[in-house]
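Student: this is a predicted model, with the sequence first.
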Amino acid sequence: MSDNPYQDTRGNKDASIAKQGARGTSEGGDREGRATPAPSGPFLIGENMTGGYGKGPDILHGCTIAVEKGEIAVIVGPNGAGKSTAMKAVFGMLNLRGGSVRLDGEDITALSPQDRVVKGMGFVPQNNNIFTSLTVEENLEMGAFIRRDDFRDTMTQIYDLFPILKEKRFQAAGELSGGQRQQVAVGRALMTQPKVLMLDEPTAGVSPIVMDELFDRIIEVARTGIPILMVEQNARQALEIADHGYVLVQGSNGHTGTGKELLANPEVRASFLGG
Ligand SMILES: Nc1ncnc2c1ncn2[C@@H]1O[C@H](COP(=O)(O)OP(=O)(O)O)[C@@H](O)[C@H]1O
Ligand SMILES: [Mg+2]
């Protein structure tokens, strides 16, 4: 656990992102538990979210997740903790009974998922996140559904970020490996040129090597100025690349802190990181 492959790249990311912080909202100044005051409030926040599915019981109980400009925020926690539910709530797929969602200072709690995409949110859900019968390129084209302008430059950027997708662009996405499918899913979300990207378990079911590669790509995306809010089951590795982390337990915030703080927290280590 001492050799962190992201140490160097993170340094670069922080440096390049600092410049972009200049253009921030001044809403909400210093949130709880920050070591240093942020130049702006969180870019995207689901705050005190309470709610569940349909008329069913509440799954989220006053849960808060957020990501700041230029940062990677990671949500970890046991299976069934409500991580995906929290992400869906932030994306507008749940009727919240309490709490709110704000994007760049604007209350978007009442907006549909489609309208949130128009506002600049990109979301890669945990399941069924690609069209398996369509080609890789068709998947990317589908991602551009809200765009009326020429999106070929964006597609080129995505092929630069994920060269394997260019190689396989005329292949059915369903024929790709797990890691490659996740690249298709992230690429599809990037086609709308989102201002913030939400990823639910982008490395699910891939080998450790592929996981490292995907994390590298995710860091690269973050470095282009797109804040990333992601759920990860590879808790330790994810917290190593996280500026902020959330440990969710039974629909509530168990622990919150910087990635470093959570990795060093004895209780978090014992309960969620395998010691
Ligand atoms: N579509 C759904 N309808 C009803 N209950 C659901 C649905 N999806 C998830 N749940 C329930 O919500 C709880 C949290 O699930 P989930 O958010 O998927 O957890 P996690 O992503 O942390 O593993 C679980 O008890 C699960 O059974
Ligand atoms: Mg989940």
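Tutor: Structure's in. What do you need? Ligands and ions are numbered 1, 2, ... in the order given.
Student: name the residues of the stretch 51-200 of the chain found near ligand 1, please.
Tutor: 53, 56, 59, 77, 79-85 (C-beta under 6 Å from any ligand atom). All C-beta atoms are positioned from the backbone trio N, CA, C, and that covers glycine.
Student: filter these down to the buried ones.
Tutor: Applying 16 or more other C-beta atoms under 10 Å to these, the neighbour count classes 59, 77, 81-85 as buried.
Student: dump the host helix or strand of V184 to CSV, keeping only the CA atoms.
Tutor: Following DSSP states H and E, one finds V184 within helix 178-190. Presented in CSV, the C-alpha positions along helix 178-190 are these (Å, rounded to 0.1, in the frame of the first residue of the first chain):
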residue,chain,number,x,y,z
GLY,A,178,-15.1,-5.3,-19.1
GLY,A,179,-12.5,-2.6,-18.8
GLN,A,180,-13.1,-1.6,-22.4
ARG,A,181,-16.9,-1.4,-21.9
GLN,A,182,-16.3,0.9,-18.9
GLN,A,183,-14.2,3.1,-21.2
VAL,A,184,-17.1,3.2,-23.6
ALA,A,185,-19.5,4.2,-20.8
VAL,A,186,-17.2,7.0,-19.6
GLY,A,187,-16.6,8.1,-23.2
ARG,A,188,-20.4,8.2,-23.8
ALA,A,189,-20.9,10.4,-20.8
LEU,A,190,-18.1,12.7,-21.9
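Student: run through who's touching whatever helix or strand comes next after that helix.
Tutor: Following helix 178-190 in sequence order, the next helix or strand is strand 196-200 (DSSP H and E). Counting contacts by C-beta atoms under 8 Å, 6 or more residues apart in numbering, the residues outside strand 196-200 that touch it are 43-44, 67, 83-84, 87, 90-91, 103, 120-126, 186, 189-190, 218, 221, 226-231.
Student: hmm, back to that, farthest-separated two in the residues of the stretch 51-200 of the chain next to ligand 1?
Tutor: Maximum pairwise distance among those (C-beta to C-beta): 19.9 Å, between G56 and G77.
Student: hang on, the earlier thing: by how many degrees do the helix holding V184 and strand 196-200 diverge?
Tutor: 150 degrees (axes from the mean of the first three to the mean of the last three C-alpha atoms, to 10 degrees).
Student: just checking, what packs against helix 178-190?
Tutor: strand 121-124, helix 136-143, helix 152-161, helix 163-167, strand 196-200, helix 208-223 (3 or more C-beta pairs under 8 Å, 6 or more residues apart in numbering; DSSP states H and E).
Student: and the ones you listed as CSV, adding mean pLDDT?
Tutor: Shown next, in CSV, are these (pLDDT from 0 to 100):
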stretch, mean pLDDT
strand 121-124, 98
helix 136-143, 96
helix 152-161, 96
helix 163-167, 98
strand 196-200, 98
helix 208-223, 95
